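[1] Let me see the structure of the following:
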Amino acid sequence: MPGDLPTVTKFERISSRVLRIGAISNFIVTIPAFVVYDSYVGNMLDEMPNTPWLVWIWSGMAFLWGVMMWEIANNFSTKWSLLRYLVAEKAITSTSVVVGFAIGDLPGMAMVAIVITDVIWIPIFGSILLKATRLQQVAY
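    Below you'll find the model as predicted:
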């Protein structure tokens, strides 16, 4: 009937919730870099970097990816295709940090932060993207 709201599927509801949880995890890990920089970085790294702007750049970008997750969650049915960029970003960041950790450039706490904000989300967001892609193909 005209004026009716579109039906939101269970898959869309669950996907939106998952994306919001991912966004919140990004916010929790990144906001302290701006608010309590010294204690945050002091707990993450063995020594304070002499270039805090690099930490702020990474934190700002990770925060913005959280904003994007929230945006996708707000209207999953029309924005789900943005997940491909989110999965790519998570894979690039994770690979870079894992290599940095493996060669001894990053301490364990930095690795833990990336596991929370990136590594664990790759298969989750990837599976949501695959299912959404399949559902979209079936619809057409």
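[2] in the protein, what spans have low per-residue confidence?
    Along the chain, segments meeting pLDDT under 70 span 1-7, 139-140.
[3] what about the longest helix in it?
    helix 10-35 (DSSP state H).
[4] just checking, what packs against that one?
    Judged by 3 or more CB pairs under 8 Å, 6 or more residues apart in numbering; DSSP states H and E, helix 10-35 is in contact with helix 37-44, helix 52-74, helix 76-79, helix 121-139. C-beta coordinates here come from the backbone N, C-alpha and C atoms, glycine included.
[5] One more pass at 10 Å, please.
    Counting contacts by 3 or more CB pairs under 10 Å, 6 or more residues apart in numbering; DSSP states H and E, helix 10-35 packs against helix 37-44, helix 52-74, helix 76-79, helix 83-102, helix 108-114, helix 121-139.
[6] Any chance of those helices in TSV with mean neighbour count and distance to residue 15 as columns?
    Putting the helices and strands packed on helix 10-35 into TSV (neighbours: other CB atoms under 10 Å; distance: least, CB to CB, whole Å) gives the following:
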stretch	mean neighbour count	distance to residue 15
helix 37-44	14	31
helix 52-74	17	8
helix 76-79	16	5
helix 83-102	16	9
helix 108-114	17	23
helix 121-139	15	5
